[in-house]
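[1] Quick one: sequence plus predicted model below, questions after.
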Amino acid sequence: NKLGPDALIISAVQLQERLGSSQRAIKVALLDQKAVAGVGNLYASEILHLAGIHPGKACKKLKAADWQAIHQRLLEVLQLAIE
């Protein structure tokens, strides 16, 4: 399977494990469907805005609290989009 885990079922810890060591910008990493499936461009922007994280910040510079905030907002944004 070429897709990563579904964004609605991945945990914050898994998200950090899959992306945390990357030097890519967090927004670019969130768009990587091999890392996590289901996050599009507008959703990634909204998630990061609500989490208060600059989209250009390198994944490896994010702290555990940042990953928790990203995960929380990811679930909120995607659930709202589904509704």
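    That came through fine.

[2] Tell me the spacing between residue 11 and residue 5.
    As judged by C-beta to C-beta, to the nearest Å, residue 11 and residue 5 stand 9 Å apart. For glycine as for every other residue, the C-beta is placed from the backbone atoms N, C-alpha and C.

[3] Neighbour count: the two, which is higher?
    Each of residue 11 and residue 5 has its neighbours counted (other C-beta atoms under 10 Å); residue 5 has more, 16 against 11.

[4] Next, the more buried one: phi, psi?
    phi -60, psi 150 (degrees, to the nearest 10).

[5] Kindly report the same for residue 25.
    phi -60, psi 150.

[6] That one touches residue 56, doesn't it?
    Yes - counting by C-beta atoms under 8 Å, residue 25 sits close enough to residue 56 to count as a contact (4.7 Å).

[7] How about the spatially most central residue of the chain, nearest residue that isn't a chain neighbour?
    Geometric centre of the chain, nearest residue: residue 30, 4.5 Å, by C-alpha atoms, centre = their mean. Closest residue to residue 30 apart from its sequence neighbours, by C-beta to C-beta, 6 or more residues apart in numbering: residue 44 at 4.4 Å.

[8] what helix or strand does the one you found sit in?
    Take DSSP states H and E as the rule and residue 44 turns out to sit in helix 41-51.

[9] Quick check, residue 7 in contact with residue 78.
    Yes - using C-beta under 8 Å, residue 7 is in contact with residue 78, at 5.9 Å.

[10] where along this structure do the helices fall?
    Using DSSP state H, the helices of the chain run over residues 12-19, 26-30, 41-51, 64-82.

[11] Might you report the residue contacts of the residue nearest to residue 30?
    By C-beta atoms under 8 Å, 6 or more residues apart in numbering, the contact set of residue 44 is 27, 30-31, 55.
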